[in-house]
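>>> Next one to model:
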Amino acid sequence: MLDSTAMTMGKDKPAAGADMVAAIRDLSSRELAPLVQKIDTAGHYPEAYMRAYGRAGGYAAHLPSETAPDIDTAVRAMAAAGEYCLSTSFCIWCQDALGWYIYASDNDGLKETLGARVATGAALGGTALSNPMKSFFGIEGLRLKGKRVEGGYIVRGLLPFVSNLGDDHYFGAVFEVEGETKQNVMAIVPCASEGLTLADNTKFVALDGTRTFAVQMRDVFIPDTLVLAHSCESYIKRIRAGFVLLQAGMAFGLIRDCINLMQQVKGPLGHVNKYLDAQPEHFAEQLDAMERKVSALSATPFETDPGYWRTVIETRLVAGEASVAAAHAAMLHCGARGYVTTGAAQRRLREAYFVAIVTPATKQLKKMLADMAH
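Numbers count the residues shown, from 1 in each chain. Next comes the predicted model:
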């Protein structure tokens, strides 16, 4: 049964498709745009906006249920927020990923309880799959270790960076269970769990408004009711394409704003900016092509063909590289007016590098493609 909060949120019937994206764009211009400087310079976490985004239907479109998951709409909604703030669009991706994990699992009880609250923004949270995604592709070992006990698992370990968290938030995690055969389990972890602590010890050059913490787990009990997969290899293969494709929303929103920044200075600076190699029209064409590619790939997120997965990886690599290139170009087009502390161009440049280093990072994507070639 849903709690009263989720029931209240449910009466705000989510809009569908283009209408929902338009509603998110309007919400972002009214409620997110005025907060961007505070988010960037003071590390403000826009919790009210995050919950309003859920009430508008933004976290629900991509969730597999009776209808096919609409990842394309989720990407476009995330991009509408990302046109103003990458920090917030990243938090949206974290929330989208959390819902994706729950609804792509076989845990129907979790879908009906926590899943329904995540879909509306009544419950917020993130994804701790950076370490597992690196582990599964031979980059590092799993940081969380668990042991089987009656009714669940006891888990220990430290995750250095997990985002979109708070005392009442949740996140997805993978832990290794030793036994006759090694087993990797994926589950949802409540931040309020006994033995779990959040530490905010790091200041980043951008995205400090994402509630990113080091998570220490000391004998945290994870009940079976929160388990997404007791052996998660096939489950990870099921969710990985959606996990990666959803990240395109961050890139697309940032690139679109960088194009706008370049267009805005055409009047005063166009006579000299025309000598720069990278022009806004080039990025507009590239963005259109990437959006069409992601839309096509999003139609079949559970596709098992290796060629499909390779194309997803290639597309994600292009999105990260294009983000950095567009932000670099915007900085050059804006010149000194973009180099001041309140300048949008320098903020976008700092943010763009995050698209290239968030898991799967540019270097990991290139390793994965090289491994596929062998």
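>>> Specify the residue ranges that define each domain of this protein.
As assigned by automatic domain parsing, the chain contains the domains 4-123, 130-232, 247-373.
>>> now do the same end-to-end measure for the second one.
In terms of C-alpha to C-alpha, to the nearest Å, the two terminal residues of domain 130-232 are separated by 15 Å.
>>> thinking again about what came up before, worst mean pLDDT among the domains of the chain?
The minimum mean pLDDT among the domains of the chain belongs to domain 4-123 (a mean of 90).
>>> Residue 187 is in what secondary structure piece?
Taking DSSP states H and E as the criterion, residue 187 maps to strand 183-190.
>>> Note down every partner strand of that strand and its orientation.
strand 170-177 (antiparallel), strand 227-229 (antiparallel) (DSSP bridges).
>>> Which one of those strands lies nearest to residue 369?
strand 170-177 (23.0 Å; C-beta to C-beta). Quick note: C-beta positions are derived from backbone N, CA and C, even for glycine.
>>> Quick one: distance of stretch 66-78 to the chain centre.
How far stretch 66-78 lies from its chain's middle: 14 Å, per C-alpha atoms, centre = their mean, to the nearest Å.
>>> same deal with stretch 92-101?
7 Å.
>>> Show residues contacting that stretch.
For stretch 92-101, the external contacting residues (C-beta atoms under 8 Å, 6 or more residues apart in numbering) are 50, 53-54, 58-60, 62-63, 69, 74, 77-78, 81, 115, 118-119, 121, 124-127, 129, 163-164, 170-172, 186, 188, 210, 228, 239, 242-243, 246-247, 249-250.
>>> Among these, name the ones in helices.
50, 53-54, 74, 77-78, 81, 118-119, 239, 242-243, 246, 249-250 (DSSP state H).
>>> what's the closest of the residues you listed to residue 31?
Nearest to residue 31, judged by C-beta to C-beta, of these is residue 53 at 9.1 Å.
>>> I'd like to know how far the closest one sits from residue 130.
Residue 53 is 23 Å from residue 130, where distance means C-beta to C-beta, to the nearest Å.
>>> which of those two has more neighbours?
A direct count of neighbours by other C-beta atoms under 10 Å for residue 53 and residue 130 places residue 53 higher, at 27 against 20.
>>> wait, doesn't the more buried one sit right on residue 81?
Yes. Contact criterion C-beta atoms under 8 Å: residue 53 and residue 81 qualify, at 7.0 Å.
>>> Check the contact lists of the two and give me the overlap.
24, 92.
>>> Provide a list of residues in contact with residue 238.
Per C-beta under 8 Å, 6+ apart, neighbours of residue 238: 104, 302.
>>> per-residue confidence for it?
Reading off the model, residue 238 has pLDDT 95.
>>> Name the helix or strand for the residue most central in space within the chain, please.
Among the residues of the chain, the one closest to the centroid is residue 93, at 2.5 Å (C-alpha atoms, centre = their mean). If you go by DSSP H and E, residue 93 is part of helix 86-103.
>>> cool, and residue 41?
Assigned by DSSP H and E, residue 41 falls within helix 36-42.
>>> tell me what that helix is packed against?
Counting contacts by 3 or more C-beta pairs under 8 Å, 6 or more residues apart in numbering; DSSP states H and E, helix 36-42 packs against helix 86-103.
>>> most remote residue from this structure's center?
The C-alpha centroid of the chain is most remote from residue 271, which lies 38.7 Å away (C-alpha atoms, centre = their mean).
>>> ok so, going back, please identify the deepest-packed of the strands paired with strand 183-190.
The highest average neighbour count among the strands paired with strand 183-190, using mean count of other C-beta atoms under 10 Å, belongs to strand 170-177 at a mean of 24.
>>> Distance from that one to the middle of the chain?
17 Å.
>>> Adjust the sequence numbering to begin at 682 for everything that follows.
I'll keep to 682 as the first residue from here, and by that count the last item is strand 851-858.
>>> For it, output the C-alpha coordinates as PDB.
Written as PDB, here are the backbone C-alpha positions of strand 851-858 (Å, rounded to 0.1, in the frame of the first residue of the first chain):
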ATOM      1  CA  TYR A 851      17.700   5.800  -1.000                       C
ATOM      2  CA  PHE A 852      20.300   4.400  -3.500                       C
ATOM      3  CA  GLY A 853      20.900   1.300  -5.500                       C
ATOM      4  CA  ALA A 854      24.100  -0.700  -4.700                       C
ATOM      5  CA  VAL A 855      25.900  -3.900  -5.600                       C
ATOM      6  CA  PHE A 856      27.800  -6.000  -3.000                       C
ATOM      7  CA  GLU A 857      29.800  -9.100  -3.200                       C
ATOM      8  CA  VAL A 858      28.800 -12.100  -1.100                       C
END
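>>> angle of it against helix 767-784?
60 degrees (axes from the mean of the first three to the mean of the last three C-alpha atoms, to 10 degrees).
>>> still on that earlier bit, highest neighbour count among the ones in helices among the contacts of stretch 773-782?
The most crowded member of the ones in helices among the contacts of stretch 773-782, judged by other C-beta under 10 Å, is residue 758 (33 neighbours).
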